[in-house]
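[1] give me a model of this one.
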Amino acid sequence: PNYATPQTKEVIEKMLKAHGGLEAWQNIPAMRFDNIMHNNYHAKNEFAWWIAHEVFDQKTRHVYQDWNYNDAKIGYDGQQVWSENWKKANPTSFMLYSFYYFVNLPWLTQDDGVQLSAVTEFEWPDYGRKYHEITMSYLKTPVIGKSSKDYYVLYIDKETYLLQGYQYAVGNKALLKSLGQPPERELFGPLWRVITKYTTVGGLVFPSAFRTMPEANERIVGNHVIMNIDITTPFDKNKLIKPEGASIDYKVGKETKK
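    Numbering: from 1, shown residues only. Below you'll find the predicted structure:
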């Protein structure tokens, strides 16, 4: 990553240590977790619940997701994104890494092309605590489904150096279109996220509960739980084989279709 100042590097390195270290995270063979979200925008119908079992190869970042509640599947083998029975408005290419980033954000500060701003101070309303504030942005599009305009504003606890919350904004064009945003708009957000619980797995500290708000401490628009984090079971490449009848939503080097 590109650090704006020596202090930025110092704070980020302390955050990485607080979350269990970079090397230990990099050596994970694969990661899987259950992602459960209740979307308060749709509280009166089944779409209020978003439930997925998500699996990632740590080296290749190939992806397999099983959305049991909706009888749907998503896969990415490095060349194409396919889906089976996907009916939600969010494009599958966007869904690939959405929660991978939310679960692994401290370590993803170390990806190529990441820019980390100078450290400022932020006092979160109603919490009465001040945090280190660092903006995380990109020199180029980091992965499929994200954009070079995406950014995160990290709020790092001054005592524990755990990532306590963040703002985030996304520039995926297909997502913006699905949300009915005007064509000239380049970003959706920022939204605010506060982490309310952590869990330690294999010495690594992951967020296990968090909530999303349109502004700091405003109404809650999403409640999230991350369960059954597994960082030892190898990735099953057979899961990446496109089922007969599944649709191809994205091919590397081509525009997103869905």
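[2] against which helices or strands is the one helix or strand residue 103 maps to packed?
    Assessed by DSSP states H and E, residue 103 sits inside helix 98-108. On a contact count with 3 or more Cβ pairs under 8 Å, 6 or more residues apart in numbering; DSSP states H and E, helix 98-108 meets helix 6-18, helix 22-26, strand 30-39, strand 49-57, strand 163-170, strand 204-213, strand 222-230. (C-beta placed from N, C-alpha, C; glycine too.)
[3] quick one: distance of the fifth one to the chain centre.
    Strand 163-170 has its C-alpha centroid displaced from the chain centroid by 10 Å (Cα atoms, centre = their mean, to the nearest Å).
[4] please apply the same query to the fourth one.
    Centroid separation between strand 49-57 and its chain, computed with Cα atoms, centre = their mean, is 12 Å.
[5] hey, C-alpha coordinates of the following helix or strand past it in PDB?
    Next helix or strand after strand 49-57 toward the C-terminus (DSSP H and E): strand 63-67. Extracted in PDB, the C-alpha atoms of strand 63-67 (Å, rounded to 0.1, in the frame of the first residue of the first chain):
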ATOM      1  CA  VAL A  63     -15.400 -17.600  -4.800                       C
ATOM      2  CA  TYR A  64     -18.300 -19.900  -4.100                       C
ATOM      3  CA  GLN A  65     -21.500 -18.800  -2.400                       C
ATOM      4  CA  ASP A  66     -24.600 -20.800  -1.400                       C
ATOM      5  CA  TRP A  67     -27.700 -18.700  -0.800                       C
END
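[6] buried residues, strand 63-67. List them.
    For strand 63-67, a neighbour-count test (16 or more other Cβ atoms under 10 Å) marks 63-67 as buried.
[7] that older thread, for the helices and strands packed on helix 98-108, which one ends up most surrounded?
    Mean neighbour count (mean count of other Cβ atoms under 10 Å) peaks for strand 163-170 among the helices and strands packed on helix 98-108, with a mean of 22.
[8] gap between the residue nearest to the spatial centre of the chain and residue 48?
    Nearest to the centroid of the C-alpha atoms of the chain, with distances taken as Cα atoms, centre = their mean, sits residue 101, at 2.5 Å. Distance of residue 101 to residue 48, computed by Cβ to Cβ, to the nearest Å: 23 Å.
[9] go on, residue 106?
    Residue 106 is 29 Å from residue 48, by Cβ to Cβ.
[10] comparing the two, which residue is more hemmed in?
    Neighbours per residue, other Cβ atoms under 10 Å: of residue 106 and residue 48, the larger number sits with residue 106, 25 against 14.
[11] if we can go back for a sec, just put the helices and strands packed on helix 98-108 in JSON lines and tack on mean pLDDT.
    Output for the helices and strands packed on helix 98-108, formatted as JSON lines (pLDDT from 0 to 100):
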{"stretch": "helix 6-18", "mean pLDDT": "98"}
{"stretch": "helix 22-26", "mean pLDDT": "98"}
{"stretch": "strand 30-39", "mean pLDDT": "94"}
{"stretch": "strand 49-57", "mean pLDDT": "94"}
{"stretch": "strand 163-170", "mean pLDDT": "96"}
{"stretch": "strand 204-213", "mean pLDDT": "96"}
{"stretch": "strand 222-230", "mean pLDDT": "96"}
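[12] now the ones you listed as CSV including distance to residue 156?
    Listed next are those as CSV, based on distance: least, Cβ to Cβ, whole Å:
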stretch, distance to residue 156
helix 6-18, 5
helix 22-26, 15
strand 30-39, 22
strand 49-57, 24
strand 163-170, 6
strand 204-213, 13
strand 222-230, 20
